[in-house]
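Participant: following is a predicted model, sequence given first.
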Amino acid sequence: MTPQDDAPHAAGDDALIASLRSAVDARPADVALLVHLAELLVAAGRGAEAIPHLATALTHDPGSRAARSLMARALAPQEPTAPNDESVDWAALTEDLADVVPPMFVDGSLDGADGPYSPDVEQVGVRLSDVGGLREVKARLEASFLAPMRNPDLRELYKKSLRGGLMLYGPPGCGKTFVAKAVAGELGAAFLHVSLADVLDMYIGQSERNVQQLFRTAREAAPCVLFLDELDAIGQKRSQMRYSGTRSAVNQLLTELDGVGSDNEGVYLLAATNHPWDVDSALRRPGRIDRTLLVLPPDHEARVAILRTHLRDRPVERIDLAALAKRTDGYSGADLKHLCESAAEIALLDSARTGQVRLVTMRDFESALKDVRPSIGPWLETARNVAIYGNATGEYDELARYLRKRGRS
């Protein structure tokens, strides 16, 4: 076909497209009409013009396969059909269609829906002395983590490297975050607390950037304790991941831990997880997060301290903390907080019913204990299976001893 033959054909297409535009103006909610117009525009190499019509079609019929297929074709990069074609303003189109078709890629000018990731660094005022009980945990922290950092001369003498981090693990609600803050206080370091929601992002490539920014912020704030909460979610085993973006985030985390391209001097890494058996083994290799510390439910001394803290600002009368601590063996710190709140609620409702304000008494705790039970049972069952069937290397020996002590294995 010669160029002369093409001209009438193109003119015919233009006339049909113009006719369909008029029909669409008259029937803007007709999905079939919108798709037909978009199909002609895409076939004519005018994908940018088709996109608004396809967006309207998808607004009325989100499940339309034809509209989705055409949208993919319209969004694909195309060769210009004429030397004078104007380039497509993809940023403007992305913004216009954000409610219908979310952007798939992030380039240097885009930073996700909520702007650039900016982690907050805080200064903490707590020390290990503020942590009630947990003597064994404190001793282990001092020996394996704090002592080498406090004694640079001895560290140099014994060639002790500060590379690597410490993972706190145990049942939920047992104070792992508070212990991490206390470590920062002991070191006189800034504290940077990060969870899964802070790092992962729906935009492809943005999760990796968030991880980079996280470590950059920690290095700038050094000395700094970087605390990765919910490590099993952030650093889940890559073999279990279905979304490639999350795997890329884990790979970026590994790169940052190795200090590739940067020096992590002064960045002290702590992590916490309820399920260490779900953490990618690559994260736990030497020089990365290579030490573990089991944080168990509070012992008797710690339970007394926790109960006293949560009752300190409440109107109470003759509360036997030792007796309560004895009856709450196996309760997590969160459970004890809930117990205090429940007892106070009982007293409040009784005061509202009678019209006479009264103090919280042991009788209120007796009532609350009937409803507030230890919440760590499901975790103990999972941990029991790991200790029995997944402890070939002996890394969960301490956990196994605790479970035997409680008659769980």
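Facilitator: Structure's in. What do you need?
Participant: mind listing the strands for the chain?
Facilitator: In the chain, the segments counted as strands under DSSP state E are 122-123, 165-169, 190-194, 224-228, 267-273, 291-294.
Participant: of all those strands, which one is nearest residue 33?
Facilitator: Among the strands of the chain, the nearest to residue 33 by C-beta to C-beta is strand 190-194 (49.9 Å). Glycine gets a C-beta too; all of them are placed from N, C-alpha and C.
Participant: where does the stretch 1-150 of the chain dip in pLDDT?
Facilitator: The stretch 1-150 of the chain contains residues with pLDDT under 70 at 1-13, 62, 75-116.
Participant: scratch that, the stretch 251-400 of the chain
Facilitator: Residues of the stretch 251-400 of the chain that meet the cut-off, pLDDT under 70, sit at 260-262.
Participant: quick check: the residue nearest the centre of the chain vs residue 177, distance?
Facilitator: Central residue of the chain (C-alpha atoms, centre = their mean): residue 196, 0.8 Å from the mean position. For residue 196, the distance to residue 177 equals 14 Å [C-beta to C-beta, to the nearest Å].
Participant: so what sits against both of those two?
Facilitator: Residues touching both residue 196 and residue 177 (C-beta atoms under 8 Å, 6 or more residues apart in numbering) are residue 229.
Participant: on that earlier part again, can I get the strands of the chain in CSV with mean neighbour count and distance to residue 380?
Facilitator: Putting the strands of the chain into CSV (neighbours: other C-beta atoms under 10 Å; distance: least, C-beta to C-beta, whole Å) gives the following:
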stretch, mean neighbour count, distance to residue 380
strand 122-123, 12, 33
strand 165-169, 24, 13
strand 190-194, 22, 27
strand 224-228, 26, 24
strand 267-273, 26, 16
strand 291-294, 19, 13
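Participant: tell me which residues touch the residue lying closest to residue 123 once chain neighbours are set aside, please.
Facilitator: Of all residues not flanking residue 123 in the chain, residue 190 sits nearest, at 6.1 Å (C-beta to C-beta, 6 or more residues apart in numbering). Residues near residue 190 by C-beta under 8 Å, 6+ apart: 121, 122, 123, 184, 221, 222, 223, 224, 225.
Participant: now do 7 Å
Facilitator: Counting by C-beta atoms under 7 Å, 6 or more residues apart in numbering, residue 190 touches 121, 122, 123, 221, 224.
Participant: re the thing from before, closest one to residue 305 among the strands of the chain?
Facilitator: Taking C-beta to C-beta, strand 165-169 is the member of these nearest to residue 305, at 18.7 Å.
Participant: can you map out the helices along the stretch 1-150 of the chain?
Facilitator: Counting by DSSP state H, counting those that start in this stretch, one finds helices in the stretch 1-150 of the chain at the ranges 3-26, 31-43, 47-60, 65-75, 90-96, 135-141, 147-150.
Participant: tell me what the last one is packed against?
Facilitator: In this structure, helix 147-150 makes packing contacts with no helix or strand, judged by 3 or more C-beta pairs under 7 Å, 6 or more residues apart in numbering; DSSP states H and E.
Participant: can you pull the buried residues of it?
Facilitator: For helix 147-150, burial by neighbour count (16 or more other C-beta atoms under 10 Å) applies to residue 149.
Participant: which residues touch that helix?
Facilitator: Applying C-beta under 7 Å, 6+ apart, the contact partners of helix 147-150 are 155, 160, 162, 187, 268.
Participant: so what's residue 315 closest to, chain neighbours aside?
Facilitator: residue 359 (4.8 Å).
Participant: likewise residue 310?
Facilitator: Per C-beta to C-beta, 6+ apart, closest to residue 310 is residue 340, 4.0 Å.
Participant: ends of stretch 125-137, what's the gap?
Facilitator: 20 Å (C-alpha to C-alpha, to the nearest Å).
Participant: now that stretch: buried residues?
Facilitator: Buried residues in stretch 125-137, counted by 16+ other C-beta under 10 Å: 126, 128, 131, 132, 133, 134, 137.
Participant: now do the buried residues in stretch 56-75.
Facilitator: 56-58, 61, 64, 66-68, 70-71, 73-75.
Participant: redo the residues you listed as CSV? Include distance to residue 202.
Facilitator: Formatted as CSV, those follow (distance: C-beta to C-beta, whole Å):
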residue, distance to residue 202
56, 24
57, 24
58, 18
61, 24
64, 23
66, 26
67, 22
68, 18
70, 24
71, 18
73, 23
74, 22
75, 17
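Participant: nearest to residue 400, of those?
Facilitator: Ranked by distance to residue 400 (C-beta to C-beta), the buried residues of stretch 56-75 are led by residue 68 at 52.6 Å.
Participant: look up how far residue 52 lies from that closest one.
Facilitator: According to C-beta to C-beta, residue 68 and residue 52 sit 15 Å apart.
Participant: for residue 387, same thing?
Facilitator: 60 Å.
Participant: more neighbours, those two?
Facilitator: Taking neighbours as other C-beta atoms under 10 Å, residue 387 and residue 52 compare with residue 387 leading, 22 against 16.
Participant: so the residue nearest to residue 315 sits against residue 317, correct?
Facilitator: Yes: between residue 359 and residue 317 there is a contact at 3.9 Å, judged by C-beta atoms under 7 Å.
Participant: re the thing from before, distance to residue 371 added to the contacts of helix 147-150, as TSV?
Facilitator: TSV is the format used below for the contacts of helix 147-150 (distance: C-beta to C-beta, whole Å):
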residue	distance to residue 371
155	51
160	50
162	47
187	41
268	41
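Participant: out of those residues, which two are the most distant from each other?
Facilitator: For these, the maximum inter-member distance is 15.7 Å, found between 160 and 187 (C-beta to C-beta).
Participant: compare neighbour counts for the two and give me the winner.
Facilitator: residue 187 (18 against 14).
Participant: which ones are touching that one?
Facilitator: Counting by C-beta under 7 Å, 6+ apart, residue 187 makes contact with 149, 223, 225, 268.
Participant: mind giving me the domain split of this protein?
Facilitator: Domain ranges of the chain: 7-77+90-96, 122-294, 300-371, per automatic domain parsing.
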